[in-house]
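# Okay, structure incoming, though there's no sequence with it:
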């Protein structure tokens, strides 16, 4: 059905907004076979879902004259998982039904419930809200659902993930059996299927998602880094892409707070969204993103649900998502409405195999690449600056007079240099990451070459080796953190079956030993569970001592284990406790 065949006032509103033809999801719900049936619609966020169910309801709710009668009990109920999404849906419907004089009431957590109750008592044609607040009004007798003709569950999978199943069931049980139920969900897990079977009749299944790809307009990239370099990698990715708007995902509100503070300190215009922020703070943050005062948003998964920023072109997964669905939902914040987007996963070396498995399961094609170097970023900066300065300029008369005054006192070369300097001054400096070249291959895992400057050195040992998947790429940051030295102060690394030897220059050995004591726990172990101690033998002498006690033990990880080793049944650390800061991992991995 073309939009022109919709009720005239709805058609006019769509035309004024520039909607010429329906999107895929809008066309699907307007097909003749879908008009009078319950619907289960699989569609990505940002695909035009709100207009889709808005025009579907219009054909049944609007009287012949195209204008609503005075409001009474609500005729339609739209339920969304978050305040942000509910408010967006409400605004879209206010626009769509504006000329039809629809009264739309929004009920969401974080707003004044007394004002919402008064609005409901005055009557409404459509109510939009979040499950918890709607259930509260229902139980208080302020939300009358006896006349409901339409119920829309928007992003139903997210609502179940957030624990709203009981709320949804209580609300749906209070609606008439004659209602039409439209269920929109990006994914179709078993709980969604069960909910549909209970509350829908002969539902038509519609999917506008290509199952072969996570998202057609998103380019997936993966960068592998040392755990200690996660924050530096994020900074370089932001500087390299220079996206108009970027969203960074962290696992916890503490991580959001820490990374946001780091970025602001470095000069990025950044805002944060997490469970600790009030609705006012969230609204201000979103408005700053939309009007360009902020270009970076650091958020948790839950806090970012329902957010739609048109200029968002870059998503960075600072911490690896727990599964493929979270990966796709995070990434789906970009690449909308025909625009291209980029999603980058920052993967610590120990977790690369888990990410490979996740991508295979989701059938997502991703490019494995390196974190942009500082020199590469500066080269891109030069290209962008040249492109910006060489663009044609149409200045005002005042600007032209100012330019003439500047040229009268400065020659063109000095003016150009001032422009370059001003441009660079406003940009945060890129980071130099740990250079692990020459340390990560299989060949130097066993016998890395001797390094110059370590003729007078002391050997130390760690009680982990090949059988515990010891790897210089994550060992090196551990040594730097424990011993308070730099990577350049660590010599050859020799990895044996159950232990690892490394060199420290005698000149810094006292400092290194003292730092080990300060950072150690009982038994000279730190939070990673790795013992670091002076070695009475060189690697060659140790190899000759066949009777040496094996330290792998029954808890040693198998060869090929994806991650750092275990001791006493524990993995030494997980990089997601705080971006760039390891912590103890309580999960049972590698079993």
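Everything's here; your move. Being a predicted model, the structure only gives us computed values, none of them experimental.
# Touching, residue 82 and residue 130? I think so.
Yes - using Cβ atoms under 8 Å, residue 82 is in contact with residue 130, at 6.7 Å. All C-beta spots, glycine's among them, are computed from the backbone N, C-alpha and C.
# okay, these two: which has more neighbours?
residue 130 (28 against 22; other Cβ atoms under 10 Å).
# Grab the nearest non-local neighbour of the more buried one.
Leaving out its chain neighbours, the residue that sits closest to residue 130 by Cβ to Cβ, 6 or more residues apart in numbering is residue 108, at 4.8 Å.
# I'd like the distance from that neighbour to residue 86, if you could.
Going from residue 108 to residue 86 by Cβ to Cβ, to the nearest Å gives 5 Å.
# Give me the common contacts of the two.
Common contacts of residue 108 and residue 86, defined by Cβ atoms under 8 Å, 6 or more residues apart in numbering, comprise 129, 130.
# Looking at these two, which one has more neighbours?
For residue 108 versus residue 86, the count of surrounding residues by other Cβ under 10 Å is larger for residue 86: 26 against 22.
# and the more buried one, what element?
Assigned by DSSP states H and E, residue 86 falls within helix 83-96.
# strands paired with the next helix or strand after that helix, and their directions?
Using DSSP H and E, the helix or strand that follows helix 83-96 in sequence is strand 104-107. Partner strands and pairing direction for strand 104-107 (DSSP bridges) are strand 126-129 (parallel).
# list the buried ones in the helix or strand that comes right after the partner strand?
Reading on from strand 126-129 to the C-terminus, the next helix or strand found by DSSP H and E is helix 131-139. Going by neighbour count (16 or more other Cβ atoms under 10 Å), the buried part of helix 131-139 is 131, 133, 134, 135, 136, 137, 138.
# Rebuild the residues you listed as CSV, extending it with pLDDT.
Supplementary listing: the buried residues of helix 131-139 in CSV, determined by pLDDT from 0 to 100:
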residue, pLDDT
131, 94
133, 94
134, 96
135, 94
136, 94
137, 94
138, 94
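# Spatially, which two of those are the most separated?
131 and 137 (11.2 Å; Cβ to Cβ).
# Confirm residue 494 sits in a strand?
Yes - Residue 494 forms part of a strand when assessed by DSSP: H, G, I helix; E, B strand; the rest coil.
# if you average pLDDT over stretch 510-517, what comes out?
Confidence over stretch 510-517 (mean pLDDT, whole number) is 89.
# who touches that stretch?
460, 482, 483, 484, 485, 489, 504, 524, 532, 534.
# cutoff 10 Å now
With contacts defined as Cβ atoms under 10 Å, 6 or more residues apart in numbering, stretch 510-517 is touched by 458, 460, 479, 481-485, 489-490, 504-505, 508, 524, 526, 532-534.
# So the residue most central in space within the chain, which state does it fall into?
Nearest to the geometric centre of the chain sits residue 249, at 3.1 Å (Cα atoms, centre = their mean). Put simply, residue 249 is strand when judged by three-state DSSP.
# quick one: contacts for it?
Listed by Cβ under 10 Å, 6+ apart, the contact partners of residue 249 are 255-256, 297-301, 303-304, 315-321, 326-327, 329-331, 333, 343, 345-346.
# Just list whatever residues bridge to it.
For residue 249, the beta-bridge partners are residue 299, residue 317 (DSSP bridges).
# quick one, helices of the stretch 451-591 of the chain?
Counting by DSSP state H, counting those that start in this stretch, the stretch 451-591 of the chain has helices at residues 472-483, 506-519, 539-544.
# do the same with the stretch 51-200 of the chain
Going by DSSP H, counting those that start in this stretch, the stretch 51-200 of the chain shows helices at 83-96, 113-121, 131-139, 156-161, 165-173, 190-199.
# List the buried residues in the fifth one.
Going by neighbour count (16+ other Cβ under 10 Å), the buried part of helix 165-173 is 167, 168, 171, 172.
# I'd assumed residue 115 was in contact with the residue nearest to residue 130.
No - between residue 108 and residue 115 there is no contact under Cβ atoms under 10 Å: 11.6 Å.
# still on that earlier bit, which ones among the contacts of residue 249 map onto helices?
In helices, defined here by DSSP state H, the members of these are 255, 256, 301, 303, 304, 326, 327, 329, 330, 331.
# out of these, which one sits closest to residue 199?
So of the ones in helices among the contacts of residue 249, ranked by how close each gets to residue 199 (Cβ to Cβ), first place is residue 329, at 23.3 Å.
# Excluding chain neighbours, give the residue nearest to that closest one in space.
residue 186 (6.4 Å).
# Quick one: neighbours of that neighbour, just the number.
21.
# Pop out the phi and psi values for it.
The phi and psi values for residue 186, taken as degrees, to the nearest 10, are phi -70, psi -30.
# can you pull the buried residues of the helix of greatest length in the chain?
Looking across the chain with DSSP H, the single longest helix is helix 374-389. Going by neighbour count (16+ other Cβ under 10 Å), the buried part of helix 374-389 is 374, 377, 380, 381.
# Which elements pack onto whichever helix or strand comes after that helix?
As assigned by DSSP H and E, the chain's next helix or strand after helix 374-389 is helix 397-409. Other elements packing on helix 397-409 under the criterion 3 or more Cβ pairs under 10 Å, 6 or more residues apart in numbering; DSSP states H and E are helix 412-425.
# Walk me through the domains of the chain.
Using automatic domain parsing, the domain parsing of the chain gives 3-207, 218-375, 442-585.
# mean pLDDT for the ones you listed: which is lowest?
domain 442-585 (a mean of 66).
# Could you check the angle the helix or strand harbouring residue 234 makes with helix 374-389?
Element membership of residue 234, judged by DSSP H and E, is helix 230-241. Per axes from the mean of the first three to the mean of the last three Cα atoms, to 10 degrees, the angle that helix 230-241 makes with helix 374-389 is 30 degrees.
# what separates helix 230-241 from the chain centre, distance-wise?
Centroid separation for helix 230-241 versus its chain: 14 Å, with Cα atoms, centre = their mean, to the nearest Å.
# Same question for that helix: list its buried residues.
The neighbour-count check on helix 230-241 (16+ other Cβ under 10 Å) flags 230, 231, 232, 233, 234, 235, 236, 237, 238, 239, 240, 241 as buried.
# unless I'm mixing things up, residue 362 is touching residue 343, no?
No - contact criterion Cβ under 10 Å: residue 362 and residue 343 do not qualify, at 12.0 Å.
# out of the two, which sits in the busier spot?
residue 343 (27 against 16).
# quick one: terminal-to-terminal distance for stretch 272-283?
Stretch 272-283 has an end-to-end distance of 11 Å (criterion: Cα to Cα, to the nearest Å).
# Name the residues that touch it?
With Cβ under 10 Å, 6+ apart, stretch 272-283 has contacts from 82-84, 87, 108-111, 247-248, 250, 252-261, 263-264, 271, 284-286, 289, 294, 296-305, 307.
# Having no further points to raise, I will conclude here.
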